[in-house]
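Engineer: sequence-free structure coming up:
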């Protein structure tokens, strides 16, 4: 299916900012319950940069991120295909975007069929270097185990949340010309993340 350029971008932006997700979305868990998965984000200098929590909902997986100490402005926010955040290689160990369907990159490009499952609307960091955001990932799951399937963010080999130095331009293949990777966190089941 081909999506018109502006229609796709506006639809994804609307989904990413739905206010009902904060308190009104039908969830598989109560709003006060612990998240299903989480990631501790580390900066390129090895310091903690923030957290990401992930929850199962009827709309998909809801990722909530809170970061600080970043450069003000827009930054690409993606889920990447490998659960590794090696500071020594600039987080290249996290691999490419999470893309089990093999789609092209570009939520604003009419010539691309679909989008990467790990693509999200850019994160906007304020003048104090802080940002919080909530994003819906409709094409992924948090199923665990050997039969969890290719859409699971908790699959064998893991996945990671990555923030880039610049914004995703929503059309350049394969990564949106988003620049270097400035923060990374491996996605783990919530109880496992708390123990590590």
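Structural biologist: Received the coordinates, thanks. Just so it is clear, the structure is predicted and the values come from calculations on it, not from any experiment.

Engineer: Run through the residues that contact residue 160.
Structural biologist: Contacts here follow Cβ atoms under 8 Å, 6 or more residues apart in numbering; on that basis residue 160 touches 39, 79-80, 82-85, 91, 94, 184-187. To be clear about C-beta, it is placed using only N, CA and C from the backbone, and glycine gets the same treatment.

Engineer: what stretches of this structure score poorly on pLDDT?
Structural biologist: Low-confidence segments of the chain (pLDDT under 70): 1-33, 105-114, 145-149, 172-176, 192-196.

Engineer: And the strands in it, which stretches?
Structural biologist: 37-43, 48-57, 60-67, 73-75, 77-80, 123-125, 131-137, 160-164, 181-186, 188-189 (DSSP state E).

Engineer: Please convert these to TSV, extending it with distance to residue 154.
Structural biologist: Output for the strands of the chain, formatted as TSV (distance: least, Cβ to Cβ, whole Å):
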stretch	distance to residue 154
strand 37-43	6
strand 48-57	9
strand 60-67	10
strand 73-75	25
strand 77-80	11
strand 123-125	22
strand 131-137	13
strand 160-164	12
strand 181-186	11
strand 188-189	6
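
Engineer: Confirm for me that residue 60 is in contact with residue 134.
Structural biologist: No: between residue 60 and residue 134 there is no contact under Cβ atoms under 8 Å: 11.9 Å.

Engineer: Who does the nearest residue to residue 41 once chain neighbours are set aside form a beta bridge with?
Structural biologist: Spatially, and ignoring its direct neighbours in sequence, residue 41 is nearest to residue 185 (3.9 Å; Cβ to Cβ, 6 or more residues apart in numbering). Here residue 185 sits in beta bridges with residue 161, going by DSSP bridges.

Engineer: So what's the residue count around residue 185?
Structural biologist: By the criterion of other Cβ atoms under 10 Å, residue 185 has 26 neighbours.

Engineer: contacting residues for it?
Structural biologist: 39, 40, 41, 42, 51, 52, 85, 160, 161.

Engineer: picking up where we left off before, among the contacts of residue 160, name the buried ones.
Structural biologist: Buried subset of these (neighbour count, 16 or more other Cβ atoms under 10 Å): 39, 79-80, 82-85, 91, 94, 184-187.

Engineer: how far away is residue 160 from residue 65?
Structural biologist: Separation of residue 160 from residue 65 (Cβ to Cβ, to the nearest Å): 13 Å.
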